[in-house]
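In: Below are the sequence and a predicted model for it; my questions follow.
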Protein chains: 2
Amino acid sequence: MTSHDNDAFKPIATVDLAIFSLSPAGLSVLLVRRASAPFTGDWALPGGWIHIDEDVDLEAAARRVLKEKTGVETPYLEQLQTTGSRTRDPRGWSISIVYIALLSADHVAERQGGMAGEAEWRPIEGEGVGFPLAFDHASLLKEALGRIRRKVEYSSLPGHLLPVRFTLSELQTVYETLLGRKLDKSAFRKRMSEADFLEPVEGEMRRASNRPAQVFRLKDTRSLALFDRTI
Amino acid sequence: MTSHDNDAFKPIATVDLAIFSLSPAGLSVLLVRRASAPFTGDWALPGGWIHIDEDVDLEAAARRVLKEKTGVETPYLEQLQTTGSRTRDPRGWSISIVYIALLSADHVAERQGGMAGEAEWRPIEGEGVGFPLAFDHASLLKEALGRIRRKVEYSSLPGHLLPVRFTLSELQTVYETLLGRKLDKSAFRKRMSEADFLEPVEGEMRRASNRPAQVFRLKDTRSLALFDRTI
DNA sequence: CTAACTTAGTTGAATATTTACACTAAGGCT
DNA sequence: AGCCTTAGTGTAAATATTCAACTAAGTTAG
């Protein structure tokens, strides 16, 4: 077996998404029911083929799949990892490029009805959803959760689960939900201020509670690349 | 354009490697000269097709390519990222799964002669090698360097660039090389001890300098998974 | 053979950062 | 009016980090 160019094996390659949002129950992931073999009827992460004529690159393919399933066009999107093996799909060698997407609460609210038929939000319990998934998707979901939970420690990632404008108290609650522990208010505020993730929305105050609070928004996402430590 | 299973577009997919080692000049990367179109004669990261019958998964494919180019069978190997687009290869849509490999000094020494004809070590200067590479490989190399340099901060990754057994002074020098700055000896030792990356080789001392030094080795690599924060 | 030199490994004081918790103030609610 | 809840700040104690000196085990020069 030598390596001429025309030995090129072209494997089946899909883009799969772990799409998260916050529900009253905590962090939730969007799952779809498989309509065709293999794993017909099982729950799976939403995914799709790359469309050679539509998608200029992998991220565009992920964005398109996300829009098809949820209608959302401006998500937080981040490549997680690529798995490929002979055994993960019974039809043979296949590759899956997995992306993580975070949907804000208002994204989800807007699209409550418009969601593709068999897609449903399922609450995260521990390292997954508590029931089996098609292919190796349970393992992919576990990796995605690991990435998110580690990244809470050093990035503004949790901010993408809130509406565009939020208060510091709301943000702290999201951090606490993802970390599974309480944070000190004073330390949290100092850290946010030093990390320079946020900008105040000038003059805007919110009175969701019994006291008005300053409203913030995330600074331009591009600056986040500085903090990306993939894996 | 609807999405039946048999629409499945199977893109050209390769596994490419950014293989690093330490040379007297500092960090070096292994490059090969392309023998065929496109980019004939240009330098590129070593890579290869997936062999559907040989490779059980992507990591096995990366391992095989590494062995073909360097003879090394037990490298440090880590998936970096996957790029795929219409434009990165003039022949059309293609995908590259990129792995980072670190070779220890004794790996390199062993294989000085046995290396495939047109492969050469090139010193890293800043964010690359200082001359153009085929495809998007300059950009892939830049990402790999970013990953390595960030990971120095919180992992034992630099240890994989040394022989299996090394002294703390040698290890500190590698950290300093990768970070591009001097570290405090006392703080470095305390950190290493707390991080629990290393185990002493009982009873073994090295007298490379004018004073004998305790010899260490990395603890089982599997424990490193705890620290992996991809990207 | 001795004295000077080099480097492994440790110690400690000065400084900076984190943590825990109390405190003030601006409303809403009864 | 007075009490309650929550936004936002202050601060003292505990912990970490930094910087630099110190000890000890050799090697090398004279």
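Out: Alright, I've got the coordinates. Residues are numbered from 1 along each chain as shown, chains lettered A, B, ... in the order given.
In: And the worst-scoring helix or strand of chain A on mean pLDDT, what does it pack against?
Out: Ranking every helix and strand in chain A by mean pLDDT, DSSP states H and E puts helix A:105-110 at the bottom, with a mean of 80. Judged by 3 or more Cβ pairs under 8 Å, 6 or more residues apart in numbering or on different chains; DSSP states H and E, the packing partners of helix A:105-110 are strand A:12-23. Backbone N, C-alpha and C define where each C-beta goes, glycine included.
In: Past the biggest helix by length in chain A, which element shows up next along the chain?
Out: The longest helix of chain A (DSSP state H) is helix A:137-152. The helix or strand immediately downstream of helix A:137-152 is strand A:166-167, counting by DSSP states H and E.
In: quick one on the thing from earlier: mind checking if the longest helix of chain A is in reach of chain B?
Out: Yes - using Cβ under 8 Å from any Cβ of the partner chain, helix A:137-152 reaches chain B at A:147, A:150, A:151.
In: which of those residues tops the neighbour count?
Out: Highest neighbour count within the residues of helix A:137-152 next to chain B, by other Cβ atoms under 10 Å in any protein chain shown: residue A:147, with 24 neighbours.
In: Nearest to DNA strand C among the residues of helix A:137-152 next to chain B?
Out: DNA strand C lies nearest to residue A:150 out of the residues of helix A:137-152 next to chain B, by Cβ to the nearest atom of the strand, at 16.7 Å.
In: how close does that closest one get to residue A:143?
Out: Using Cβ to Cβ, to the nearest Å, residue A:150 is found at 11 Å from residue A:143.
In: now stretch A:9-27, how far from the centre of its chain.
Out: Distance of stretch A:9-27 from its chain centroid, counting by Cα atoms, centre = their mean, to the nearest Å, is 7 Å.
In: Show me the helices in chain A, by range?
Out: Taking DSSP H to define them, one finds helices in chain A at A:58-70, A:105-110, A:137-152, A:168-179, A:185-195.
In: The fourth one near chain B anywhere?
Out: What that stands for is helix A:168-179. No - using Cβ under 8 Å from any Cβ, we find that helix A:168-179 stays clear of chain B, coming within 15.0 Å at best.
In: Is any residue of that helix near DNA strand D?
Out: Yes - counting by Cβ under 7 Å from any atom of the strand, DNA strand D has neighbours in helix A:168-179: A:168, A:169.
In: Show me what that helix is packed up against.
Out: Under the contact definition 3+ Cβ pairs under 8 Å, 6+ apart, helix A:168-179 sits against strand A:26-33, helix A:137-152, helix A:185-195, strand A:213-218.
In: now the ones you listed as TSV including mean pLDDT and distance to residue A:78?
Out: Shown next, in TSV, are the helices and strands packed on helix A:168-179 (pLDDT from 0 to 100; distance: least, Cβ to Cβ, whole Å):
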stretch	mean pLDDT	distance to residue A:78
strand A:26-33	96	15
helix A:137-152	97	8
helix A:185-195	96	18
strand A:213-218	96	14
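In: out of these, which comes closest to residue B:30?
Out: Evaluated over these, closeness to residue B:30 peaks at helix A:137-152, with 28.7 Å, by Cβ to Cβ.
In: got any ranges where chain A has weak pLDDT?
Out: Flagging of chain A using pLDDT under 70 yields the residue ranges A:1-8, A:111-117, A:221-231.
In: what bridges to the most centrally placed residue in chain A?
Out: In chain A, the residue lying closest to the centroid (Cα atoms, centre = their mean) is residue A:101, at 2.5 Å. Residue A:101 has these beta-bridge partners by DSSP bridges: residue A:19, residue A:77.
In: contacting residues for residue A:48?
Out: Applying Cβ atoms under 8 Å, 6 or more residues apart in numbering or on different chains to residue A:48 gives the contacts A:14, A:15, A:61, A:64, A:65, A:68, B:3.
In: give the contact list for the fourth one.
Out: Neighbour list for residue A:64: A:48, A:51, A:54, A:55 [criterion: Cβ under 8 Å, 6+ apart].
In: What residues are bridge-paired with residue A:97?
Out: Counting by DSSP bridges, the residues bridging with residue A:97 are residue A:15, residue A:82.
In: Wait, it touches residue A:12, no?
Out: No - judged on Cβ atoms under 8 Å, residue A:97 makes no contact with residue A:12 at a distance of 11.8 Å.
In: still on that earlier bit, to DNA strand C, which of the helices and strands packed on helix A:168-179 lies closest?
Out: Comparing these under Cβ to the nearest atom of the strand, the one sitting nearest is helix A:185-195, at 3.4 Å.
In: Contacts for the closest one next, please.
Out: With Cβ under 8 Å, 6+ apart, helix A:185-195 has contacts from A:156, A:168, A:171, A:172, A:175, A:198.
In: out of the residues you listed, which are buried?
Out: Buried members of those, counted by 16 or more other Cβ atoms under 10 Å in any protein chain shown: A:156, A:168, A:171, A:172, A:175, A:198.
In: Report the residue ranges of every domain in chain A.
Out: A:5-148, A:157-227 (automatic domain parsing).
In: quick one, which of the ones you listed is packed in tightest?
Out: Mean neighbour counts were taken over those using mean count of other Cβ atoms under 10 Å in any protein chain shown, and the top value, a mean of 18, falls to domain A:5-148.
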